[in-house]
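Trainee: I'd like to go over a predicted model; first the sequence, then the structure.
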Amino acid sequence: MSPTPEDLTIIKDDMIAFVEGHGMRRFHGYVDYDEVQCVMWETGTNPDGWKDFVELAKTAGAPFLTMHSWKLERDELDELVQRLAHSEFSDGDDVEDARWLRAHVGKVGFLQLGWAYQGSMFLCEVSTEWYERYQRLLEMSEDFGGIPIDESDPDDES
């Protein structure tokens, strides 16, 4: 059995209470690893490892933490299913995987906490298995959706 529940709403609520209980504020925002230098926190097998992360931020003198949560919305999932169904490069299993995710609509699947220290962002992320599957399917649909293969370019014809 996975130590991470299928809905992270309770963990999100615990994070909010824990951060505020330490006298820290929350800045609602997502930190993109591609944009800034980041160091990822490893919780290992400890499902409450994020608490150590918050305590370290407090010890380091961080006045606030960034916090982001992501919930699966029906319209996002429907769009993903449509893109996969119309893609030449996905198979029926991918579409079925995406449809399987309907059982998780309305659930929180990803949480991110972060704080800045000496020019780097320190991040702690918690995600569900179904969120990882969703991300894989989303990346696949973005990689292959709408990319014309073997179509002539009008500029090449001149």
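Mentor: Good, I have the coordinates.
Trainee: What strands flank the longest strand along the chain, and is each parallel or antiparallel?
Mentor: The longest strand of the chain (DSSP state E) is strand 108-117. Strand 108-117 sits in its sheet next to strand 64-71 (antiparallel), strand 120-127 (antiparallel), going by DSSP bridges.
Trainee: quick check: mean pLDDT across that strand?
Mentor: Mean pLDDT, computed over strand 108-117, is 97.
Trainee: same thing with stretch 27-45?
Mentor: Average pLDDT, stretch 27-45: 94.
Trainee: First-to-last residue distance for it?
Mentor: 27 Å (C-alpha to C-alpha, to the nearest Å).
Trainee: so where's the chain uncertain?
Mentor: Regions of the chain meeting the criterion pLDDT under 70 cover residues 1-3, 89-90, 144-158.
Trainee: hmm, back to that, can you list the strands paired with strand 108-117 in a markdown table and add distance to residue 33?
Mentor: Glycine gets a C-beta too; all of them are placed from N, C-alpha and C. Converted to a markdown table, those look like this (distance: least, C-beta to C-beta, whole Å):
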| stretch | distance to residue 33 |
| --- | --- |
| strand 64-71 | 13 |
| strand 120-127 | 8 |
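Trainee: which residues does the residue positioned nearest the centre of the chain bridge with?
Mentor: Closest to where the C-alpha atoms of the chain average out (C-alpha atoms, centre = their mean) is residue 110, at 4.7 Å. For residue 110, the beta-bridge partners are residue 70, residue 127 (DSSP bridges).
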